[in-house]
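Asks: Give me a model of this one.
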Amino acid sequence: MKKIVIIINGRGGVGKDTLCSFISRYYKTINVSAITPIKQMASCYGWNGEKDEKSRRFLSELKRVFIEYNDLPNQYLVAEYKKFLDDDNMIMFVHIREKDQISKFIESVGGHCITLLVRSNIFGSTNFIYRNYSDDNVEDYTYDYYYDNNKPLELAEKDFFDFFNMILNSEHVI
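Replies: Residues are numbered from 1 along each chain as shown. Next up is the predicted model:
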């Protein structure tokens, strides 16, 4: 099996991390996020890991400042991608919210990515407005695949595993 990079996106609370953890039970995976270096800095100065509206807006705006200043989130992801090429993981999930940053990362790694949007109406996040650019605009990109995470947890793993294997068997796999 070849190494596969999947840019996974979706509004907060749709279950992206849970879906990634399901796949990690079957394939060696790495799960990275563009917000990681931003969260690390924010935690040094008072952010305690909250995922409320105020915190989400703070992280989104801080991320945007670093994008404009030195492209830190993309630099971080490209460095993680280079490590992935040399490790024994087969799948790299890359969490990126903003459409311009998705495009920038794909270009930075030579286009070898699959994009996936996770949606859900179970978690009440379909119509919720977070009031920040990163969360509220995730659907403003044309993804390769769309997954509706609407199954109860006890059925979600098999459903997503089957969906994921369909992706692996598609012509989009590099």
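Asks: List the beta-bridge partners for the most centrally placed residue in the chain.
Replies: Nearest to the mean C-alpha position of the chain, counting by C-alpha atoms, centre = their mean, stands residue 95 at 1.9 Å. According to DSSP bridges, the residues that bridge with residue 95 are residue 8, residue 33.
Asks: Can you name every helix or strand that the longest helix along the chain contacts?
Replies: Among all segments of the chain classified by DSSP state H, the helix with the greatest residue count is helix 53-70. If contacts are counted by 3 or more C-beta pairs under 8 Å, 6 or more residues apart in numbering; DSSP states H and E, helix 53-70 sits against helix 36-44, helix 72-86, helix 133-136. For the C-beta atoms, the positions are set from N, CA and C on the backbone; glycine is no exception.
Asks: quick one: buried residues of that helix?
Replies: Judged by neighbour count (16 or more other C-beta atoms under 10 Å), helix 53-70 contains these buried residues: 55-60, 62-64, 66-67.
Asks: Mean pLDDT per helix and strand in the protein: which one sits at the bottom?
Replies: In the chain, no helix or strand scores lower on mean pLDDT, DSSP states H and E than helix 133-136, which sits at a mean of 69.
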